[in-house]
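Chemist: Sharing a model that was predicted from the sequence below.
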Amino acid sequence: MKHVKQVLGGELRQFTMVIALVALIIIFNIASGGRMVTSSNFQNLLSGNAYVLVLAIGMLMVIVIGQIDLSVGSVAGFSGMVMALVARDLNFPWWLAVIISLLIGVLAGAWQGFWLSKLGIPGFITTLGGMMIFRGGVIWISKSISVPAPSELKWFGAGYLPEWGPAFTGMNNSTLLLGIIAIVVFAYSQMRRRTRSANLTGTKEVLWPVVVRIILVSAIIAYLTWIFGSGRPGTSFPVPGLILVILVIIYHTITQRTQFGRHIYAVGGNKSAAALSGVNVQKTYFLTMLNMSFLAALAGVMFVGRSTAAGPSDGTGWELDAIASVFIGGAAVSGGIGTVLATMVGGMVMAVLNSGLMLMGVGADRTQVIKGLVLLAAVAFDVYNKKSNRRS
Amino acid sequence: MEHSLILQMQGITKVFPGVRALDDVTLEVRRGDVHAICGENGAGKSTLMKVLSGVYPHGSYEGRIIYLGNEMAFKNIKESENAGIVIIHQELTMIPELSITENIFMGNEVMKHGLIDWDTARHRTVDLLTRVGLNIDPDTLIKHLGVGQQQLVEIAKALSKNVKLLILDEPTSALNEADSANLLNLMRDLKTKDITCIMISHKLNEIAAISDAVTVIRDGHTVDTYTVEAGRVDEDRIIRSMVGRSIENRYPEHQSHPGEVIFEVSDWCVEDPDISGRLVCKNANFFVRAGEIVGFAGLMGAGRTELMRSIFGRNFGVWLGGTLKIRGKPVKVTSVASAIKHGIAYVPEDRKTLGLNLIDNIRMTIVSANLQSITRRGLLDSDLEFQAAEKYRRSLKIKAGNTSVGVSTLSGGNQQKVVLGKWMFANPEVLILDEPTRGIDVGAKYEIYKLIHELADQGKAVIIVSSELPEVLGMADRIYTIFEGSITGELDRHEADQEKLMRMMTDTSAAESESGKDGNVS
């Protein structure tokens, strides 16, 4: 056990959800007769859930500042619809339509941020209003009819990376390249961290756990690379998955390594103390809400691209999936606690449940029940852990 | 007075995972006494009281509790309250939006035909309030009462439960001198009505004034317990057993070397944020020299905190006018961020709600007011963060193995050191310390005082706001008094004493003639 701890580099608790995720995948794979861990299922899993995970990134930040955003589904639907409409009716090129759609998202975010930060209306109310306003807006501007989207967008919502280079690799070379980059970056950052902590503290971390860690993670990445890269010809690691990975890297950096990121946690942890440390609380609120709606618009674009048309009910209920992902990822309802990476794990747990239960032929009704129970169990487990760690 | 024992706690041992919070503690309280329990923060006083009141149920600790001759096994607070043991916590637990009556009978409602009988409840409330010397409408909402009055209502609530043994945890820590004196009188009065009091307190002068017996707890052990005669308590003996060493002087020796005036406030006026037209600061004028420690003495609610927070980037109230000068240059400070940029730092009086994000660890807290200096190319540099935090952990002697330790697990004194470190890292020229040693035990106080002296020696202008007069007298080179939003006087350290200060803090006209200069009453 001690050795396991050394390899994982810290507390086991933060890995419980990862372990649960892996266990779920294995269980479903056995129960479905090997249909879970296949190239096409993994590709679908990622491109079919990327938009919810994009929302979850923004939602994590909103929940960390101690607010909630109920409007994301409506905002996603609205901006997706605007994109489809300007492309069809005004003959705008697809890229301009996308930019307009993202701008709509930013404006929607500014609107919510204004009510929250300037007038102090709780986010729950502000965005409940936004949820109705933008849902009504979608139906209004679309006249309740689906609008076809520019075909170029398909690449963003469900596309694959190009095929190139030698065929002897036996897989999609773009995917292979990504896998190699991931392994190299991980190994380099681990070694660098070790030397840096040695320089700072004067004590060198033992080498073997680092090496074991690198080998283990590399093996996992290599396996995933193979799964994603060896599907039907023409398929690869999906484009929406790549967009998601890039966003996760950007937002992980923003939340963990920038002043704005610290401010988010400070405001969520103790608003008054943050204000007395020089944090502009209102501005932090405003920017976080703005960012949320921007990501909602992006999720809307990805979804429309995948389904090749914008529908009047697109985005219904997405907010709840995003919120569930954040809480399964261990965020605190009271704010101040939660990370982007853990949220992604939470979101993947939901996605794997969906996919696995479907493969097993469980109906949507019972899937909902199970997802609800998992959400409760995950949060209850978290609360229990926190309680048992605390000494009064 | 009959001197039988009302309570015996024998061999109490309470173990938390990894910590022995109480180890074979014995406590014997005589009927009708005021029994003081002293000890440094974290010594186990509160744990002992939680064992007694059933917060930690019978079975979760070892040892016996004998109360009124019977061995008790309380499973929860309700059971101990039914037996007549009531505990009043340091943080008051009443609901601000409800009235006095509603709070007093909360969970203990007067019922008639299955409904609450408010008339009877109100009558009984009036009775109870008279017994604690309060003459106010029982329908008043708690939020409209001062802290001192709230404390009295808590005691009235205890009386409504037929209390025989009243436990007060730091009852005067949030009270001003007048309210404290009032409370102590009430405790003397309760003695005559056969109510025994256990008082946990850090304020030795109060213990000395009213206790009949003292028990000192250190590191989970009873180290000293003896009977005393109220008014003749050897404070030094208590201190010696609390810290395990003797402290000759509670305030370290220090010689200030004031330089030029670097901070000047003139005609500062602030309006109450809730009540328009009510001024919480009226034409405040004062200055601080480099390397000088200036004390602000005033009762709670006099406007000290409001003045300081308004100066600190208008963090409180509505600014109506006034100028700030730093090194002779007028500066406009309209936000906390700009105050920090201009070299002003403010350590708030309430560590837990204003000073700290309790989720953070030491490292994140120390850099939190000066993230700019650990930012390289737009990103926070975790190496610089580590070095900064490590530097203050060592130099301030923060008791923690490393800087990843969460601040919520630290003791009050160490938390305050972390907050001080946070503001030292912001490298201010003017440091405003609001009640810097509240709720901190004697040993840690001494260390904080030494830190304050070091800051002054580095040429910082230091302002100490405190409601403990000995602290102001012991630390400050120059003292301003403040009363109802006005600065009522200015005294040098050597010409000030407690009585003079108290007069100036309570009565404007007397203060003006007393100080003879800079009276500044508008």
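Modeler: The structure has been received and is ready for your questions. Numbering: from 1, shown residues only, chains lettered A, B, ... in the order given.

Chemist: If I look at residue B:506, what pLDDT would I see?
Modeler: With respect to pLDDT, residue B:506 scores 68.

Chemist: Nearest to chain B: which residue in the stretch 251-392 of chain A?
Modeler: Residue nearest to chain B within the stretch 251-392 of chain A: residue A:269 (3.6 Å; CB to the nearest CB). For the C-beta atoms, the positions are set from N, CA and C on the backbone; glycine is no exception.

Chemist: so what's that residue up against?
Modeler: Counting by CB atoms under 8 Å, 6 or more residues apart in numbering or on different chains, residue A:269 touches A:335-337, B:357-360.

Chemist: Out of these, which is nearest to residue A:248?
Modeler: Nearest to residue A:248, judged by CB to CB, of the contacts of residue A:269 is residue A:337 at 18.5 Å.

Chemist: pretty sure the closest one is touching residue B:359, no?
Modeler: Yes. Counting by CB atoms under 8 Å, residue A:337 touches residue B:359, with 6.1 Å between them.

Chemist: Got phi/psi on the nearest residue to residue B:362 once chain neighbours are set aside?
Modeler: Among residues not flanking residue B:362 along the chain, residue B:403 sits closest, at 4.4 Å (CB to CB, 6 or more residues apart in numbering or on different chains). In terms of degrees, to the nearest 10, the main-chain angles of residue B:403 are phi -90, psi 0.

Chemist: For residue A:85, give its distance to residue A:143.
Modeler: The gap separating residue A:85 from residue A:143 is 10 Å, by CB to CB, to the nearest Å.

Chemist: Neighbour count: the two, which is higher?
Modeler: More crowded of residue A:85 and residue A:143, by other CB atoms under 10 Å in any protein chain shown: residue A:85, with 19 against 8.

Chemist: need the contact list for the more buried one.
Modeler: Taking CB under 8 Å, 6+ apart as the test, what residue A:85 contacts is A:141-142, A:147, A:310.

Chemist: Let's see that with 7 Å instead.
Modeler: Residues near residue A:85 by CB atoms under 7 Å, 6 or more residues apart in numbering or on different chains: A:141, A:147.

Chemist: What's the first helix or strand after the strand or helix carrying it?
Modeler: Using DSSP states H and E, residue A:85 falls within helix A:72-89. Next along the chain after helix A:72-89, taking DSSP H and E as the criterion, comes helix A:94-113.

Chemist: now for that following helix, which elements pack on it?
Modeler: Helix A:94-113 sits against helix A:72-89, helix A:123-142, helix A:281-307, with contacts defined as 3 or more CB pairs under 7 Å, 6 or more residues apart in numbering or on different chains; DSSP states H and E.

Chemist: And the closest residue in space to residue B:96 that isn't next to it in sequence, how far from chain A?
Modeler: Counting by CB to CB, 6+ apart, residue B:96 lies nearest to residue B:143, which is 3.7 Å off, once chain neighbours are set aside. The gap separating residue B:143 from chain A is 18 Å, by CB to the nearest CB, to the nearest Å.

Chemist: Just the CA trace of the helix or strand where residue A:219 lies, in CSV.
Modeler: Taking DSSP H and E as the definition, residue A:219 sits inside helix A:207-229. Extracted C-alpha coordinates of helix A:207-229, given in CSV (Å, rounded to 0.1, in the frame of the first residue of the first chain):
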residue,chain,number,x,y,z
LEU,A,207,13.6,7.8,-8.4
TRP,A,208,11.9,4.5,-8.7
PRO,A,209,8.3,5.6,-8.0
VAL,A,210,8.7,8.4,-10.6
VAL,A,211,9.9,5.9,-13.2
VAL,A,212,7.1,3.4,-12.3
ARG,A,213,4.6,6.2,-12.6
ILE,A,214,6.0,7.2,-16.0
ILE,A,215,5.9,3.6,-17.3
LEU,A,216,2.4,3.1,-16.0
VAL,A,217,0.9,6.2,-17.4
SER,A,218,2.8,5.7,-20.7
ALA,A,219,1.3,2.2,-20.9
ILE,A,220,-2.2,3.6,-20.4
ILE,A,221,-1.7,6.3,-23.0
ALA,A,222,-0.2,3.8,-25.5
TYR,A,223,-3.1,1.5,-25.0
LEU,A,224,-5.6,4.4,-25.5
THR,A,225,-3.7,5.5,-28.6
TRP,A,226,-4.0,2.0,-30.0
ILE,A,227,-7.7,1.8,-29.3
PHE,A,228,-8.4,5.2,-30.8
GLY,A,229,-6.0,4.8,-33.7
